[in-house]
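> below: sequence and its predicted model.
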Amino acid sequence: MTASATVTIAGFDNPVAIGSPVYNEVQTFLFKEAALLDQIRLNDWVGLLAEDILYTAPLRQTRPTHEFDKTIVRTMFHFEEDIGSLKLRVARLMNTRSAYAEDPPSRCRRLITNLLVSGTANPDEFEVSSYILMTRSRYDADQFDLMSAERRDLVRRVDGSFKLARREIILDQSALGMPNLGVFL
Amino acid sequence: MTASATVTIAGFDNPVAIGSPVYNEVQTFLFKEAALLDQIRLNDWVGLLAEDILYTAPLRQTRPTHEFDKTIVRTMFHFEEDIGSLKLRVARLMNTRSAYAEDPPSRCRRLITNLLVSGTANPDEFEVSSYILMTRSRYDADQFDLMSAERRDLVRRVDGSFKLARREIILDQSALGMPNLGVFL
Amino acid sequence: MTASATVTIAGFDNPVAIGSPVYNEVQTFLFKEAALLDQIRLNDWVGLLAEDILYTAPLRQTRPTHEFDKTIVRTMFHFEEDIGSLKLRVARLMNTRSAYAEDPPSRCRRLITNLLVSGTANPDEFEVSSYILMTRSRYDADQFDLMSAERRDLVRRVDGSFKLARREIILDQSALGMPNLGVFL
Amino acid sequence: MSSFERRLSDGTRIEDLIDVDTREVRVRTLADAELHQIEMERIFGKVWQLLGHESEIPNPNDFMIRALGEDSVLVARDRDGEIHVTLNVCPHRAMRVCRSDAGNAPTHRCPYHGWAFRPDGAFIGSPVGGETMHGKLLDKKQLSLKKARVTLYGGLIFATWNIDGPSLDEFLGEMKWYFDMLFDRTDKGLEALGPPQRFVLRANWKSASEQSASDGFHAYTLHEWLGQLAGFGSGDLTSSMLGVEVTSKLGHSLRCMPMAQKFERGAALKDTSLSLAERLEILAPPGIIPSMAPELERHLSTEQIEQLLLQPPQVGNIFPNLIIEHVYVPQPGGKPLGLFAVHTYMPRGVDKMEFVNWLLAEKDTPQEMKDAMRKMGVRMLGTSGMIEQDDSDPWLDQAVLAKGAQARNITLKYQAIHNPERPSWWVGPAEVYEGFTKDDTQWNWWLQWRDLMLNAG
Amino acid sequence: MSSFERRLSDGTRIEDLIDVDTREVRVRTLADAELHQIEMERIFGKVWQLLGHESEIPNPNDFMIRALGEDSVLVARDRDGEIHVTLNVCPHRAMRVCRSDAGNAPTHRCPYHGWAFRPDGAFIGSPVGGETMHGKLLDKKQLSLKKARVTLYGGLIFATWNIDGPSLDEFLGEMKWYFDMLFDRTDKGLEALGPPQRFVLRANWKSASEQSASDGFHAYTLHEWLGQLAGFGSGDLTSSMLGVEVTSKLGHSLRCMPMAQKFERGAALKDTSLSLAERLEILAPPGIIPSMAPELERHLSTEQIEQLLLQPPQVGNIFPNLIIEHVYVPQPGGKPLGLFAVHTYMPRGVDKMEFVNWLLAEKDTPQEMKDAMRKMGVRMLGTSGMIEQDDSDPWLDQAVLAKGAQARNITLKYQAIHNPERPSWWVGPAEVYEGFTKDDTQWNWWLQWRDLMLNAG
Amino acid sequence: MSSFERRLSDGTRIEDLIDVDTREVRVRTLADAELHQIEMERIFGKVWQLLGHESEIPNPNDFMIRALGEDSVLVARDRDGEIHVTLNVCPHRAMRVCRSDAGNAPTHRCPYHGWAFRPDGAFIGSPVGGETMHGKLLDKKQLSLKKARVTLYGGLIFATWNIDGPSLDEFLGEMKWYFDMLFDRTDKGLEALGPPQRFVLRANWKSASEQSASDGFHAYTLHEWLGQLAGFGSGDLTSSMLGVEVTSKLGHSLRCMPMAQKFERGAALKDTSLSLAERLEILAPPGIIPSMAPELERHLSTEQIEQLLLQPPQVGNIFPNLIIEHVYVPQPGGKPLGLFAVHTYMPRGVDKMEFVNWLLAEKDTPQEMKDAMRKMGVRMLGTSGMIEQDDSDPWLDQAVLAKGAQARNITLKYQAIHNPERPSWWVGPAEVYEGFTKDDTQWNWWLQWRDLMLNAG
Ligand code: FES
Ligand code: FES
Ligand code: FES
Ligand SMILES: [Fe+3]
Ligand SMILES: [Fe+3]
Ligand SMILES: [Fe+3]
């Protein structure tokens, strides 16, 4: 089971049933994560990340239907992060006053839906697929910036709570309509 | 209990409780269906359809509040499909190279929320109401096309899994803002 | 536990677990509420409100990250309602023919996600945080108006069913992109 | 103001955009905002436009709101049954008078200050009548809703702002001989099977409209799947390219393909020893059943009936923005299913248009056949139509590409030219071309566009 | 450049848009992008504009960001308490200098290259000072934020770019006699109950503004429900149509309705044997309590007080885009609840506007009354206001409809004309009309618009 | 049409927008739609533009779609390996010919009517060949995709519509001596580490581009955190302000900062007794490893190598819209990590632009180093780049603010002027300025913009 396929695995093979305890815990984890991000409690958010996290957002390209597997491009990324770079990003946003692109911050809302979960060979790790719609409002713009995506996560149980061990963000645009990804998805 | 009413029935009369096994199964069904559609696994999607499916999208009209029942027009449709026409649509998209309006395909994300379920006289059939927000991105457009709708489904249990036996899509626009409905909702 | 903080409490302290009966009931309550609002069954909606309801939407302002607590302004509001004013609003919409801004009504879809619930000192009352994305379509516009928000509710169990005792709507724009809030959130 | 000589702001004149000799049109024509404003005056202010079918508002005081160009109009039947088209904009302060897509109302009261109007647009009065809120400078007639001129044709409601201009008959010209075969052939006439589908595309209305002017060649490539999956042309679309194209300098056109070529059973139609009803049994036009034979004979000439049977119009247009689909869809049994639709392509600014799709049948078409025609229409045409979603894809591309500084200066080309010789065996009027499809019909469309655009009058 | 004679690109001159004789305005005026650009120069570059209330920035170095026309401005109090308005655009490279809606800062540093400015806009310097990054071609004064002229009126902050133009007093003209009754009547003066509501509508700013110029008639139909549900006019809104309308050629106006007509208890106000405090006990203007009687007497003349009691201004406007709401909302007990608001309608391009809504009270209004006034304000006015959401609905319609090629050439009409005779009993200045509401106030608005638009100076 | 004298519609001439004496540019220049259209003709119709790197399409018949200005172009390698750039707009009816972002195809068939083209744009034919759908008025050569002129430089694909204009070498001019150090220094040359990041900002392309013309001063304030958190300038960014700026009247520029000043170990580089490989061991340019020493020596002159080692170009631009990032990122170990990127800022209308970001390395850079360079690039530059998300924030502000009627008439200022004396020790060509960063490079950008904009030819 690998996240490198074009299609989602989570929820199809070895599914963790909707409504089962693990499913509910994963959902709780993702909803609270969204709340932390939306409320710019980024130092708390870092606490949810595993030390070996891989956090990526591959490029997308337009391809014909019969080349659908090539629409996700994993040789270049919009995000290609590890724990160090994520912490640096958070430190920049929270501890300096010159992270201008997000200070003043935009008002973001991360709506999380379509959660599907699968077990893995490791009983403490779960493949998680969720959909996100992020609305983003900056200054007094009358229109929201929007971004929809699937997030393919590996969530790991550590000492009774979850950590995010991998996230791959499958963005739905080949040319993003946001001026930056100065916010996390 | 009929789907011809203007208002939703599912979840109000004879409700199937949120969190009950049937509810969870229906939710699983809809989330996996959305994944198949988003990933253009349309032949798999056809496998979810009952042979007697009715798949429609009635027109909407603007009417005053006291004529709210006339806002859904069921004499003309944006979709009026049976299993044969749905299979033809899928064959066109998957087996030819001239379904140009969706080849190259748009990147769609179908966010499914507000799921409500009711039982019916038939213990194997369930009235299902869900909300969908579809984001749609084609080529390198910086803005998404959006469509929101309620879907009123009849879901039928067949041999331990579900089939979609009826879907009525209550679109939220009187003049659609998408160039086509070359994608399924 | 108070709703006056900038950050969400619901789901963090004294959480009501996702999947627990109370959580499921709250979710049912909110989904059915959304259905009533979307289908303009406003007299039914009023039946969901507690007589002592406070229904507010504070202003938002753009502030630097280190003044995030000032982004919610509770000295002025877009809504500041009690049961009397809410009933007047509904009477105007349902019983007169001159509520022109919403007659003919817009077609709204209230997608509810990210539900988190906490218990309170009162065993019959629950702090509830949910996200809403409202799509709104009027006349034959090809683009939807959008509004995203967090709703911080106090839900109270009364005689076996729920009533909405408080709602604070944290809108995500400092200058709203909708021509009015002639609809409820 | 109409006599003010208009140039685009970079100095270009309208006549610079079309090369009449080489049959080329500058691509920028599809994306120029200044040009668009002139079109709204000189074309949409002058031509006849289809707004709907009278069967949509069958009763006294029934009304519906439609777009006429970029204006909102009220289409209403008065208490005597007559249909009127008026500008849905209050003559007081430009509020939308009628705000429901459809309904029934003997009077329409503007919500702003309460001025009231009859279905024919006549000003009734302002509230608190004694106070004469509308003043005394103008008489009541001058305070009515602006009125368009209306003509019904086969129940189709056409309207124009050009009060003293050509009649609809004159506007259709010689081509009416053919249009009558489609729109005016039975006693009770046509009906709309329901309100029109409506959707908005980011495209210029001309992209859709010039295609509608009988662009025959695109089917071969753009609709390739029709041969592969839907049995069109028995799998080879080349045969669909052959036929007769009729057109006129007024910008209208039709493609008429021989039934004998499209359908095996079509050959049998030629047997003139059979009665008309018997021939209709073999293969009838969309919505027509054999028992309508006497009606056809009452409404059409022998020549028209022969053509309708043997080589009927199948697609075509009425200038500027109306497409006709009168299609015979192959069916497994061998007997095609009819499909009958008209669309208008209404501008919404230079870069958007609304696609308005009515499905039609004869009022007396049996309900079961109507249902089948409606389903086939929904599946093949309009919003989700498997054929027409591909037709509109080029329009979207053109709208994006025509903004490019290089692309705007290349040309659209209409250089496939028919043998000008009229087929001797053809009995109908207008320009007639036989053989493999060519660009003459579309070129006539552009010539008519050019004529109107150069005419400030 | 301002002397360049401007015509719209189809040749229309500005004077063609208004027919002074028949009191008509072309609908296109509400949707013309070229005209809009001229308005931004000739109107918003010249008039006085309301930006807020000084109580919003009470402390030294407090600031807030506001729109002045389509420009962003910094409204800041300096350390000496004086309020300054400066263009929030860096004179270096046009970056937004101040990026927080409000706050407190002794200096404002531009994030791009670090140039710093005082609350009054004065340039302090660029970083790494010895390097003189700002160069030596201009002196420091020339590198300051562009400064507007500021005048406080009842604590309301007005500003203009017209540095040498008329003072605010001159701009308000004769009408100031009335405005003083509202804005300058107590010792501590007004306060804003909070920051303004802000929301953006797809409408032209003039749709909102011409309505604000005391369009009295619309209430009868558009606000019909007020009679039905909210006890206005005891259920018959006709009485709300009657009163006195004052206006001037400067485009300002007010509607003054007799309290005796609107409220049963209003009749008792006429008893001049009562003390002012006693009369205020019967029925006081919004936010006023009986103990303020001495203050009123200090600030207003006897004539002003009498009018304020018996026939106060209730709605009105300051040209071009400011509406005043000074409303007495009927309450079950019989004593109305006051509502006091001002809005500005700030353009955001030709087809959008921002609605900025401040709720006001006297600083000394008791907190409980302030709370009640705020709640009533939120419920009736602005974003979700049950009254004003309907007021703005026509603006939205006008914006859509005025794009139509036919609609743009019809007219807005202002043909309900008052008896020009001034009521002999009226003591206040300016043009005064009595009786059923008419269009003269709005027409003055358009005449003033026309004057400014024709004046390139 | 190009000779038609163009004024903006308010009468402004292009030369009015720039004050050559005081080095000021009107802010409206960043938001004027009419000006934009002229730019698309006179600038983007004339200059060389970067479209990608040949390593993105390594095989015969590989292709990719790119934007050239606001036009879509097909960048394709033919079967002989040669790269062609053609307008991706069908010469028949302006449909998008190629609709996949990338792929491999020996022919490109237009979906509309099936015309087919070779990778070099040559027209092959229309379907049902015998029918000559493309007509006979033009020969096949005239029906090919419009072709741009292509030059590869270090594998970077440059193209221009100016077929007879200056060569790329002439276009780069004297500055090429420096660019060669970056783009043409190893045997196998550069490669793109992947397809470019692409995202769209609501900003004018000139906001990004004038900044790219070596605006040195902004780093001190806008990137303040780099000193605080990322070890740039050992925490004091002032040192980053010092160096040499080279530029030319063609609008190109580079900032070259001494390694000895930026990095402790940089001093050791000056030891010329060491071999080149040994010096590269101490501190090498991005993507370069010591074993490449012989290659550098083959490709560059001794003077170029010395500069590349001791004071290499670190940021700079190629006129009009290409930025170069050749950065040494401080690392805990003391040895910096290289970062090598180019971006183009492609217009999408006057108020939007696309940011296209390629990350580069030498083809022979070890994979591990490529991975590190890619990660660092993604983290610092482009979409989510911690440095560049702040760089683009002013562009967004400028786009909003420049619409204001007051803001549009203030100026952008370029008044920090270098000592004109060329440093005697500097060996490279072009204009050379030493010391604290100034505005001369950006001013050259604007002068070149002005030259092209005034040249209608
Ligand atoms: S706008 Fe229609 S009555 Fe005034
Ligand atoms: S733009 Fe403000 S300091 Fe440069
Ligand atoms: S448009 Fe390309 S073949 Fe016709
Ligand atoms: Fe077609
Ligand atoms: Fe009103
Ligand atoms: Fe920078």
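Received the coordinates, thanks. Residues are numbered from 1 along each chain as shown, chains lettered A, B, ... in the order given. Ligands and ions are numbered 1, 2, ... in the order given.

> residues of chain D that sit close to chain F?
For chain D, the residues in contact with chain F (C-beta under 8 Å from any C-beta of the partner chain) are D:9-12, D:16, D:22-23, D:27, D:30, D:217-218, D:220-222, D:238, D:241, D:393-394, D:397-398, D:400-407, D:410-413, D:415-417, D:436, D:439. All C-beta atoms are positioned from the backbone trio N, CA, C, and that covers glycine.

> should've said chain A
Checking chain A against chain F by C-beta under 8 Å from any C-beta, the hits are A:57, A:59, A:61-64, A:67, A:73, A:75-81, A:85, A:88-89, A:91-92, A:95-102, A:139, A:174-182.

> in ChimeraX, how would I select the buried members of the residues you listed?
If you want just the buried ones from these in ChimeraX, going by 16 or more other C-beta atoms under 10 Å in any protein chain shown, the selection is:
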select /A:57,59,61,62,63,64,73,76,77,78,79,80,81,85,88,89,91,92,96,98,99,100,101,102,139,174,175,176,177,178,179,180,181,182
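
> which among the residues of chain D next to chain F count as buried?
Buried by 16+ other C-beta under 10 Å: D:9-10, D:12, D:23, D:27, D:30, D:217-218, D:220-222, D:241, D:393-394, D:397-398, D:400-407, D:410-413, D:415-417, D:436, D:439, out of these.

> among those, which are in strands?
D:411-413, D:436 (DSSP state E).

> for these, which one is nearest C:Leu146?
D:Leu412 (37.6 Å; C-beta to C-beta).

> right, and D:Leu452 touches D:Glu41 too?
No - D:Leu452 lies out of contact with D:Glu41 (C-beta atoms under 8 Å); the separation is 9.9 Å.

> ok, the residue lying farthest from the centre of chain A - contacts?
Within chain A, the residue lying farthest from the chain centre (C-alpha atoms, centre = their mean) is A:His66, at 27.4 Å. By C-beta atoms under 8 Å, 6 or more residues apart in numbering or on different chains, the contact list for A:His66 reads B:Arg97.

> so it lies in a strand, does it not?
No - using DSSP: H, G, I helix; E, B strand; the rest coil, the assignment for A:His66 is helix, not a strand.

> ok, it to ligand 2 distance?
Applying C-beta to the nearest ligand atom, to the nearest Å, the value for A:His66 to ligand 2 is 50 Å.

> and what of D:Asp19?
Counting by C-beta to the nearest ligand atom, the gap from D:Asp19 to ligand 2 is 49 Å.

> what is the burial count for that residue?
Using other C-beta atoms under 10 Å in any protein chain shown, D:Asp19 is surrounded by 13 other residues.

> I'd guessed it sits against D:Leu412; true?
No - the criterion here is C-beta under 8 Å, and D:Asp19 misses it with D:Leu412 at 10.5 Å.

> and the residue of the stretch 251-400 of chain D that's closest to chain F?
Per C-beta to the nearest C-beta, the residue of the stretch 251-400 of chain D with the smallest distance to chain F is D:Asp397, at 4.0 Å.

> go on, chain A?
Nearest residue of chain A to chain F: A:Met76, at 2.9 Å (C-beta to the nearest C-beta).

> spell out the secondary structure type for the spatially most distant residue from the centre of chain D.
Residue farthest from the centre of chain D, counting by C-alpha atoms, centre = their mean, is D:Gly130 at 46.8 Å. With three-state DSSP as the basis, D:Gly130 sits in helix.

> which of the residues of chain D next to chain F fall in helices?
Secondary structure from DSSP state H places D:218, D:220-222, D:393-394, D:397-398, D:400-401 of these in helices.

> out of the residues you listed, which is nearest to E:Phe117?
Closest to E:Phe117, out of all of these and judged by C-beta to C-beta, is D:Val400, at 43.0 Å.
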